[in-house]
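Novice: give me a model of this one.
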Amino acid sequence: MSISVRHITKLYGSQKALDDVSFETVKGEVVGFLGPNGAGKSTMMKVLTCFIPPTSGEATVNGHDIRDASLEVRRSVGYLPEHNPLYTDMYVREYLTFIGGVHGMGHVGERVKEMIAAVGLEREQHKKIGALSRGYRQRVGLAQAMIHDPQVLILDEPTSGLDPNQLDEVRGLIKRLGREKTVMLSTHIMQEVEAICDRVIIIDRGRIVADDRAANLRVKTHGLEVLHVEFDTATTRELLLTISGVQQAKHSGGHTWHLAFEASIDIRPAVFQFAVDKGLKVLTLQKAERGLEEVFKELTRTAG
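Specialist: Take a look at the predicted model:
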C-alpha cells in the first residue's frame, strides 16, 4: 500500500480533529479527500507528511512509518500545503533549483526544465515568485512538490486560484501523474473530483463517512432520487402523490413534474400505470442523476 492509515486520532486540547480514521491507498489512483471546512482534511495531510504527530494510531507512507522513519517519509512524498509557502524573493528557476538541491538531486537543471514545462511556467521562469499571480504561484508549488519524482503526491487545494484554462491543464497533469503514482488531493470543487479522481473519501467532524468510487456513492446514499415526467395534459399534485413510492411532487411548468422517491425503489412502472388509469400520455420520463455535490451535502449534514 502506498498509504496505510490505521486508527489515527489527533487531539487539539479537548477537540478531536481526527477521530479513529483508517484507510489505505494503492499506487496508480487519484484519491479525492473531501470534507467541510474544519472536518480534518488538512490535519490528516499534515500527519501523513510528518508536519504534526498523531495523538494515537499508526500510519505508513511508501512503507515508512510516520513516527519511526519521518525523514524517509518526507523524502518519498511530494506535498503542496493549503497555504502554499514560497520564497517570494527568489526567481522561479532559482527556487526550483534550490528545492532540487534540498532533495540531494543530481542533474537538477534538467529536472527543473522538465517541471517548468510540465506546469506551464515557461514564460514566467525568469520572474521573481513575488511578481507572479496567485495561479502561477500555485504552479510553482506544484512543481516543487513533483521535482524529486515522489511516488506519493499529497496536494491540499492544488487548483486554488487558477483560471479556467489553467484548471484544465493542471487537472490533466494530475490525472496523468495518477497513472503511475498515488495522488491524494483535497478540494472543494466537486466537478474537479468527478473529472480526475478514481476514488472519494469524505470526512466530517474528524470521522470518515464515505469511501468509494464517486459513481457508487451516488447509489449508496439513502436520499431521494428525482424523476422528471412530462404528461400531455394537466394533472394535480394530490393525484401524483397517490402513486406508490412518490414522496414529493413539484410542478416545474407546463405539464412537467419532478417526482421524488426513495433511491431503492423504481417508480417508473407505477407512473406509467397512473397515466393509463388517468387517461394521460407520458411524453418524457427521465431519471435525474444525482451529482457528487448533492451526495456530499447529504452525508456531511447527517453525519454524527
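Novice: ok, what's across the strand from K128?
Specialist: Y91 (DSSP bridges).
Novice: what about it, how many neighbours?
Specialist: 15 (other CB atoms under 10 Å). Every residue, glycine included, has its C-beta placed from N, CA and C.
Novice: and D20, by the same measure?
Specialist: Neighbours of D20 (other CB under 10 Å): 14.
Novice: check the gap between it and N37 for me.
Specialist: 21 Å (CB to CB, to the nearest Å).
Novice: for the residue nearest to V200 when sequence neighbours are not counted, pull up the helix or strand it's in.
Specialist: Nearest non-adjacent residue to V200, counting by CB to CB, 6 or more residues apart in numbering: G32, 4.7 Å away. Of the helices and strands defined by DSSP states H and E, G32 is found in strand 30-34.
Novice: so in this protein, where's the weakest helix or strand by average pLDDT?
Specialist: The helix or strand of the chain with the poorest confidence is helix 214-220; it has a mean of 71 (mean pLDDT, DSSP states H and E).
Novice: which SSE is immediately downstream of that one?
Specialist: Later in the chain than helix 214-220, the nearest helix or strand by DSSP H and E is strand 224-231.
Novice: who does the residue nearest the centre of the chain bridge with?
Specialist: By CA atoms, centre = their mean, the chain has its centre lying nearest to G32, at 3.0 Å. G32 has these beta-bridge partners by DSSP bridges: L185, V200.
Novice: quick one: it from I196, how far?
Specialist: Using CB to CB, G32 is found at 8 Å from I196.
Novice: what does I66 give?
Specialist: According to CB to CB, I66 and I196 sit 26 Å apart.
Novice: next: T55.
Specialist: 32 Å.
Novice: try G178
Specialist: With CB to CB as the criterion, G178 and I196 are 7 Å apart.
Novice: good, wrapping up.
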